[in-house]
Structure formats: structure tokens, C-alpha cells
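**Q** Prediction below, plus the sequence it came from.
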Amino acid sequence: MEAFSLTEKSKKILSSLVRESIVSGLEGRHGDCPEPNWQDLSPEELQSLQKKQGAFVTLTIKGRLRGCIGSIVGYEPLYCNVWHMAHSAAFNDPRFPPLRDSEWPLCHGEISVLSPATACPDPQKIVIGRHGLILRYGGRTGVFLPQVPVEQGWDLRQYLDQLCLKAGVPMGSWQKPGAELFWYEAFVFPLE
């Protein structure tokens, strides 16, 4: 699996984009992803922010989920993907009503930048807290970020069974013929 990290400058740029995306949505002026200030970035930092990479933005209030939206595959540069996922987490997560002005000051958030997903060669090699999972089976898909089983206190079997339930298929489906299990890693950091 491809190792990935971001410098402090890059994390600050992405954090700033999350905040700007949400504030612009609250003000009713959300538009296209703005170009960050690329000055003072190294070629490596510039490359990492412009690489097409999957990302999730998670929002919580008092430790409870308030929105989490992401894309496993990066179809646009990372900085744009984070901009769009922040807006979606705040205003388009179907599990929650759109974020209100009064909630925004209470929000905490984190950004998860994903490595490319690859076929999991052996479920016994999954490391809780390190590997995020994707299950495809019977035309359904379920996804968990690596931090979810840690937050829920799941062991490996529970992680895999909960992934099945998230996909809307019976527990244990990850073992059935035709099931596809993928893993990936995430570089996770809090909003600054």
C-alpha cells in the first residue's frame, strides 16, 4: 500500500478550504473550489495537493457525528475534493439536516486523505485502525474509514460484519463467492 502524509502547510491549506467551504455554504454563496495560495509550497507539497486522491470530511458536535461525506476515488485534485466533501458533509449528508449557523461554532472536524484502494489479499491481515474497508456484494457497497472500528470498539469479525450491514447485505456476506473486499489506508488529521 502506498504511504502518504502531508506537511503542516498542506494540512493548514486543506483545513482552511474546509472552513471556507462550510462558511460560504452557510452564507449561501458556495461556488467553485478556489485556488489556494500556492506560494511558499515546495514542489512535493504542490504535487500532493494537486494529485487526484480520495478524501472524506467528518464533522462532529460534542463527539457525535454531524456529517461525513467522501469519495473513495479522487476524480479531481485533492484540494478541490476536500472543498466539495466539506460542503457535502455539512449540507448534503442524507442522515442529517443541513448544518445551521448556530451549530457551526460547535463543530469539530477531521480530514481523511485516502490511499488508492486495492483488493484485500487476506482478511486476517486487516489491522484495526490502519485499514479502511470497502465491500461490494450483490450490487451493494459499504465503506468504513479506518478509524470507525476503533471508535466503535469492534474486533475484526465485528468490523467485517458491520461492513456487511452498512452495505445492506447479511452479516458474513464478505466471505461469499462474488464478494469483493478492498482495503486502503487514510492519513487522518483534525481541522486546524
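**A** Looks like it came in fine.

**Q** chain center to the helix of greatest length in the chain, what's the gap?
**A** Longest helix of the chain, by residue count under DSSP state H: helix 8-26. For helix 8-26, the separation from the chain centroid amounts to 15 Å (computed by Cα atoms, centre = their mean, to the nearest Å).

**Q** for the record, mean pLDDT for it?
**A** Mean pLDDT, helix 8-26: 95.

**Q** who does the helix or strand that comes right after that helix touch, helix- and strand-wise?
**A** Once the chain leaves helix 8-26, the next helix or strand it forms, by DSSP states H and E, is helix 43-50. Contacts defined by 3 or more Cβ pairs under 8 Å, 6 or more residues apart in numbering; DSSP states H and E place helix 43-50 against helix 8-26, helix 78-91. From N, CA and C alone the C-beta is placed, and that goes for glycine too.

**Q** Show me which residues of helix 43-50 are buried.
**A** By 16 or more other Cβ atoms under 10 Å, the buried positions in helix 43-50 come out as 45, 48-49.

**Q** and those residues as JSON lines, adding pLDDT and distance to residue 189?
**A** Compiled in JSON lines, the buried residues of helix 43-50 are given as follows (pLDDT from 0 to 100; distance: Cβ to Cβ, whole Å):
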{"residue": "45", "pLDDT": "92", "distance to residue 189": "15"}
{"residue": "48", "pLDDT": "91", "distance to residue 189": "13"}
{"residue": "49", "pLDDT": "94", "distance to residue 189": "14"}
